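Novice: Structure here, sequence nowhere to be found:
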């Protein structure tokens, strides 16, 4: 009768949901902490990561993505970041943002910024950094954690805005 018709629908929905979860879990392969950072070239990324890269690649703001855990190695930079800092993606992939630090970089301010990052909190500061050729520049950096579907921090995204080049 009527009960036979309504029973398969929730079961089918449940099976479909489980299949989607299994498919989603299978594409989010995370390296073990002892492994070197993954090379992004030619690696299949899940849709969220690809769309984030597409989004930052299409913004005029200078953006850098880093790993979620120390040493916070750089995984992606966009063209405005490359123009601002003087490095190519290939030169900085796997490096840390310390490549931008120099004699006038405020270590105390940097330590406060990194403490916020370790706590997974958004943070911002105005820092003195150095371009690839050694030219000093002042920039406002805003750092945000990027979360995955499980509310875990997957990476950090920092936006740099040059405020002064003296």
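Specialist: Thanks, I have the structure now. Just so it is clear, the structure is predicted and the values come from calculations on it, not from any experiment.
Novice: Residue 112 in helix, strand or coil?
Specialist: helix (DSSP: H, G, I helix; E, B strand; the rest coil).
Novice: thought it was touching residue 125?
Specialist: Yes - using C-beta atoms under 8 Å, residue 112 is in contact with residue 125, at 7.2 Å. C-beta coordinates here come from the backbone N, C-alpha and C atoms, glycine included.
Novice: What count of nearby residues applies to residue 75?
Specialist: Number of residues near residue 75 (other C-beta atoms under 10 Å) recorded here: 22.
Novice: any idea how far it lies from residue 92?
Specialist: Counting by C-beta to C-beta, to the nearest Å, the gap from residue 75 to residue 92 is 10 Å.
Novice: Identify the residue spatially nearest to residue 83, adjacent ones excluded.
Specialist: residue 62 (7.6 Å; C-beta to C-beta, 6 or more residues apart in numbering).
Novice: Sorry, slip of the keys, the one I care about is residue 67.
Specialist: Residue 67 sits nearest to residue 73 (C-beta to C-beta, 6+ apart), 4.9 Å away.
Novice: Tell me the backbone dihedrals of the one you found, please.
Specialist: phi -60, psi 150 (degrees, to the nearest 10).
Novice: so it touches residue 98, yeah?
Specialist: No - applying C-beta under 8 Å as the test, residue 73 and residue 98 come out as separate, 10.6 Å apart.
Novice: more neighbours, these two?
Specialist: Taking neighbours as other C-beta under 10 Å, residue 73 and residue 98 compare with residue 73 leading, 17 against 11.
Novice: per-residue confidence at that one?
Specialist: Residue 73 carries a pLDDT score of 97 in this model.
Novice: now do residue 55
Specialist: 83.
Novice: try residue 135
Specialist: 96.
Novice: Please report how far it lies from residue 153.
Specialist: 33 Å.
Novice: And residue 143, by the same measure?
Specialist: For residue 143 relative to residue 153 (C-beta to C-beta), the value is 11 Å.
Novice: Just want to know which of the two has more residues nearby.
Specialist: Shown here are residue 143 and residue 153; by other C-beta under 10 Å, residue 143 has more neighbours (22 against 15).
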